[in-house]
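> make a model of this:
(2 chains)
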Amino acid sequence: MESNKYIVSAAPHIHTKSTVSGIMRDVIIALMPSAVFGCVIFGWRAAAVIITCIASCLLSEFIFTKIMKRKSTIGDLSAVVTGMLLALNLPPQIPLYMAVIGSAFAIIIVKQIFGGLGKNFMNPALAARCFMLIAWTSAMTTFVNPMMGYGADAVSSATPLAVMKAGEGTLPSLRDAFLGFIPGTIGETSVPMILIGFVYLLIRRVITPRIPLAYILTFAVLTYFFGSRGDMSAAEYTLMQLCTGGLMLGAVFMATDYTTTPTTPLGMIIFGVGCGVLTFVIRRFGGYPEGVSFSIILMNVAAPLIEKATVPRSFGQKGGSAS
Amino acid sequence: MALTFKGGLHIPDFKLTAKLPVIDLPGDKLHYFPITQHKGAPLKALVKTGDHVRVGQKIADAEEFVAAPVHSSVSGTVKDVCPHVNSIGIKTETIVVENDMKYETAENLRPVEDISALTTREMLWVIRDAGIIGLGGAGFPTHVKLNPPKQVEFLIINGAECEPYITSDHRRMLENPEEIIDGAGILSKLLGVKKCYIGIEANKRDAIDTLRREVRFNSGIEIMKLKTKYPQGAEKQLIKAITGRNVPTGKIPADVGVVVINVDTVYNVWRAFRKGIPVIDRIVTVSGDAVNKPANFRVPLGVTVSYMIEKAGGFKAPPQKVIIGGPMMGFAQYTTDTPVAKTTSAVIALLEAQPTYDPDMPCIRCGKCVSNCPMGLMPNHLNKAALDRDIDAALRFNIIECIECGLCSYTCPAKKNMLQNIAAFKPMAMKAARRGSTSGK
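Presented below is the predicted three-dimensional model:
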C-alpha cells in the first residue's frame, strides 16, 4: 500500500542541528588557541603531553566500554575534550607516564564508573588533576620558564602565584602575565587565547556567560578588597591574580562543564559565585598557591543541591493579574 | 521594540508561501466531514445515506451548548456515514458527501441585519450556529470562549502564527483586513471590552502595515508587533507579551481579564454575521521541500490531503513525512486520505524526516531545555520523572503547566524525545493530582 511509506512520530518534527558531538567539537575548537600557544612557548614537550592525554583518554574509554560490553562512546568526542582539558592543566615537563595514569583516572574512575557521559559528579579532568597533585606533588608543581628561543635549557621556576604567596622572588610584568609568557601549566598562561575560545563558545551558544562572569567578578572583588597584596597596589595585585594561575582557563572551560554544573540560570550564577569565593579563600588562606581546581570540584559536588534550591518559578506560579 | 515573553527561541521559519496569494480550489468529487471537529460534546449526524444536502446545510449538531455544528461545504448526496481517518490519525465517524458540482446553497443562510438589536445570548447563538471553533488549531467552540465567567478587559486577536511554514493566517490578514477589523469590532461589542489588541509577529511586517491602515483612530483596536519567536502564538505567552500578565496555573485567560481569539476565527465571525455563511472553507498552506509548488489554497472543507498535494503540483519525490499542522506541534500522517477539517491550517510534506530520537545519547545536562522553556519549567527533570513514572516528582516540577510546544525536544542536542515522554505522562499525573485534591490531602 502506497500510504505505508510515511514516517509517523510524535511532534516536534524538526530539530536543531546541534548534537552532543557537535558541542564537543566546538569546545575542542575553542581550546585550540590555548593549546597551540602552549606548544609554541613550551615547545615539543607540551605537544607530547597534549597528544598523550588525548590518546590515553580515548584508549581508556575504548577499553572500558569494551570490557563492560557497552557500545563504544568515543565517537561523541567527550574523551578528547577531557584529554585536552587535562593536558592544558598539566605542567609541560610532567613525566608522560603520569599523564597516562591521570587520563585513565579521569575517564575510568571519575567518568565511566559513575555511568559515563552526563552522569559524572565531578569534572573528570579537574578531578584527575587534583588526584595527580596529591599523588605527585613535586612533579605537578615544578614549572619551567617559557623558552621562546628553544635554545635555552628548561629552568625550573616558581609561578607568579607561588611568588605572591611566598612574598619573595621576582614577579613577571603584568603585560607578560596577561599575554602568557610566564611559567605555568600548558594552557593556563595566555589570557588572550582563552578569551578567543570564550568568545567562540559564546557565539556558538555552547555556554552562557553566567558562570565565567560570576566566577571572575566574585574573585576579583574579594581579591581587590581582602587580598594580601603586600606592597603592590590593590588593582595591580588583583589583575596579577586574575592573569596568573588557572583562573581564566577554569572559569571559561572547566566551571562551564554541563554535566557538573546546575542547569538553572540562577543556579549557574550561584555556582560561579561559589567558585569565586572558594578560589579566593584557598589562594588567600590555604596552603596551596592555587585553588581553582579544588574550588571547582567542590562546587561540582554541590551542584545538585544548588539546582534543587534554584528550580525556577514557573510561568503560572508567577501569579495572577499584574494590574 | 517588539513585545515578547521570557524563554522561547527563534527557529528558522521557512515561510515559503508568505508572498503567494490565496488560490481558490473547487471542490473534489467526494468530501469527508468528520462529525466531531471541536473540543466539547460529541455531535450526532443530522443526515443519513442517500439524503440530499446543500452548501451551508447543517449536517451534524448536538443539543449541548459546548459544541459547534458541522456544515456541508458542497451540495450533493450523502454517500455514507462511516469511520474515516482524521488529522490525528484516528478513524472517526465521518459523513461522506458526493459532490454534484452544482453548489446549491441552503436557503437559511442570511446575514444578521441589525447586530445592535441582538442580545448577547442571541449573538453567541449566531456564532454557535455557524460552527465556529478555534481555527488556529485548538478547536474549542468560540461562543463558549466569548461567554467568559466574568467581565473581561481586553480582547486579544492572535495573528502571531509562530509555527514554521504556515502562512494561512498571514494571508488572511493581508487579503481580508477590513473584515478582520469589522469582526474585531463585533467581538469587542459582544464582550463589552473597550480595548482590542491584534498581536502579529514582526516577521509579518506587511500584515502589520495592512491592518494598521484599516484601523480607524479611536476605534479601540491596536496592532501590536511581537518578537518573532516560538511559541509567541501560544495563548499564555501572547497574553504575557501584550498585557504583561501571567495566567496562573489552572486558570483561564478570563481570570486575568483577557479573551484570546485567532485571527481566522475573527474573520469567520465576521462572515457569519455579515454574510450568514458558516465555516465551510478555510485557507490551507501546502508547503515543505517535497511539494513541487507550495501554495496557499482556499478549499471547501472535506477535501483530502492528496487532492491538495495534486493541485500543488504533486510531490517532487516521495516524502518521508507528511504533517498536518506545523512541524512543531502538528501530527505526522500515515496516509494522504485525511480530509481538511476546520482546524487544518497546513499540510507540510518533508523529503527527509529528521531523526527525532537517539536512544544511545545520554542527557549531558546542557540546560538548553530549561532556559528555552516558555513556561519556566525544567523539562530535563520532567522527562526523567515521566520515564520513572514518578508522579510526585512530575507534579513537583509542575508537569501540569506544560503547553506541549515541543521546544525542549527541538533544542535537545542529545535528541531526547522529551515532549513525547512528558505529554504521555501528563494525563496520568493530572489524574493523580485531582484524586489527591479530592481526598482532602
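> what sits against A:M299?
Taking C-beta atoms under 8 Å, 6 or more residues apart in numbering or on different chains as the contact definition, A:M299 lies against A:255, A:261, A:271, A:274-275, A:278. C-beta coordinates here come from the backbone N, C-alpha and C atoms, glycine included.
> kindly report the same for B:V152.
Taking C-beta under 8 Å, 6+ apart, one finds B:191, B:193, B:254, B:257-259 in contact with B:V152.
> what residue is smack in the middle of the chain?
Picking chain A for this. Geometric centre of chain A, nearest residue: A:M254, 2.5 Å, by C-alpha atoms, centre = their mean.
> let me rephrase: I mean chain B.
Geometric centre of chain B, nearest residue: B:G137, 1.5 Å, by C-alpha atoms, centre = their mean.
> against chain A, how distant is that one?
12 Å (C-beta to the nearest C-beta, to the nearest Å).
> wait, isn't that residue in contact with B:M329?
Yes - at 7.3 Å, B:G137 counts as touching B:M329 under the criterion of C-beta atoms under 8 Å.
> could you name the helices and strands sitting against the helix or strand harbouring B:A393?
B:A393 is part of helix B:391-396, with elements assigned from DSSP states H and E. When contacts are defined as 3 or more C-beta pairs under 8 Å, 6 or more residues apart in numbering or on different chains; DSSP states H and E, helix B:391-396 packs onto helix B:379-388, helix B:418-438.
> can you map out the helices along chain A?
Using DSSP state H, the helices assigned to chain A run over residues A:20-42, A:44-67, A:78-88, A:96-104, A:124-135, A:137-140, A:160-166, A:174-179, A:191-203, A:210-226, A:234-243, A:247-249, A:265-285, A:292-309.
> now those as CSV including distance to B:I277?
Below are these laid out as CSV (distance: least, C-beta to C-beta, whole Å):
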stretch, distance to B:I277
helix A:20-42, 52
helix A:44-67, 66
helix A:78-88, 61
helix A:96-104, 74
helix A:124-135, 67
helix A:137-140, 82
helix A:160-166, 80
helix A:174-179, 74
helix A:191-203, 53
helix A:210-226, 55
helix A:234-243, 72
helix A:247-249, 69
helix A:265-285, 50
helix A:292-309, 56
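> which residues touch the one helix or strand B:R282 maps to?
Following DSSP H and E, one finds B:R282 within strand B:281-287. The contact list for strand B:281-287 (C-beta under 8 Å, 6+ apart) reads B:14, B:16-17, B:22, B:73, B:135, B:165-169, B:171-172, B:264, B:294-301, B:308-309, B:311-312, B:340, B:342, B:344-349.
> mark which of those are part of helices, please.
Per DSSP H, the contacts of strand B:281-287 map to helices at B:168-169, B:171-172, B:264, B:308-309, B:311.
> closest to B:T243 among those?
Nearest to B:T243, judged by C-beta to C-beta, of the ones in helices among the contacts of strand B:281-287 is B:D169 at 20.7 Å.
> that closest one: how many residues sit nearby?
Residues contacting B:D169 under the criterion other C-beta atoms under 10 Å in any protein chain shown number 27.
> now for it: which residues touch it?
Taking C-beta under 8 Å, 6+ apart, we find B:D169 in contact with B:136, B:159, B:161, B:262-264, B:283, B:345.
> same thing but 7 Å
B:159, B:161, B:263-264 (C-beta atoms under 7 Å, 6 or more residues apart in numbering or on different chains).
> could I get the ones in helices among the contacts of strand B:281-287 as a markdown table with pLDDT?
Shown next, in a markdown table, are those (pLDDT from 0 to 100):
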| residue | pLDDT |
| --- | --- |
| B:S168 | 96 |
| B:D169 | 96 |
| B:R171 | 97 |
| B:R172 | 96 |
| B:D264 | 96 |
| B:M308 | 96 |
| B:I309 | 95 |
| B:K311 | 95 |
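> what residues are up against the residue of the stretch 101-250 of chain A at minimum distance from chain B?
Proximity of the stretch 101-250 of chain A to chain B (C-beta to the nearest C-beta) peaks at A:G118, 4.0 Å away. By C-beta under 7 Å, 6+ apart, the contact list for A:G118 reads A:259, B:362-365.
> so who does the residue nearest to A:P95 when sequence neighbours are not counted touch?
Nearest residue to A:P95, sequence neighbours excluded (C-beta to C-beta, 6 or more residues apart in numbering or on different chains): A:A139, at 6.3 Å. Taking C-beta under 7 Å, 6+ apart, we find A:A139 in contact with A:94-95, A:98.
> near chain B, which residues of chain A show up?
Contacts of chain A with chain B, taken as C-beta under 7 Å from any C-beta of the partner chain, map to A:3, A:5-16, A:18-20, A:22-23, A:71, A:116-119, A:258-259, A:263-265, A:311-322.
> which of the residues you listed are buried?
The neighbour-count test (16 or more other C-beta atoms under 10 Å in any protein chain shown) marks A:6-7, A:10-16, A:18-20, A:23, A:116-118, A:258-259, A:263-264, A:311-312, A:314-316, A:318, A:321 as buried among the residues of chain A next to chain B.
> quick revisit: just name the most buried of the helices and strands packed on helix B:391-396.
Stretch with highest mean neighbour count among the helices and strands packed on helix B:391-396: helix B:379-388 (a mean of 22; mean count of other C-beta atoms under 10 Å in any protein chain shown).
> thinking again about what came up before, ok, the ones in helices among the contacts of strand B:281-287 vs A:G286, which is closest?
Among the ones in helices among the contacts of strand B:281-287, and counting by C-beta to C-beta, the member closest to A:G286 is B:D169, at 62.7 Å.
> please report how far the spatially closest residue to the closest one that is not a sequence neighbour lies from B:R171.
Sequence neighbours aside, B:E161 is the residue nearest to B:D169 in space, at 4.4 Å (criterion: C-beta to C-beta, 6+ apart). Distance from B:E161 to B:R171, counting by C-beta to C-beta, to the nearest Å: 10 Å.
> B:A41 now?
Counting by C-beta to C-beta - B:A41 and B:R171 are separated by 32 Å.
> look up phi and psi at B:G220.
Dihedral angles of B:G220 (phi, psi; degrees, to the nearest 10) stand at phi 80, psi 0.
> okay but it is in contact with B:S188, surely?
Yes - using C-beta atoms under 7 Å, B:G220 is in contact with B:S188, at 6.3 Å.
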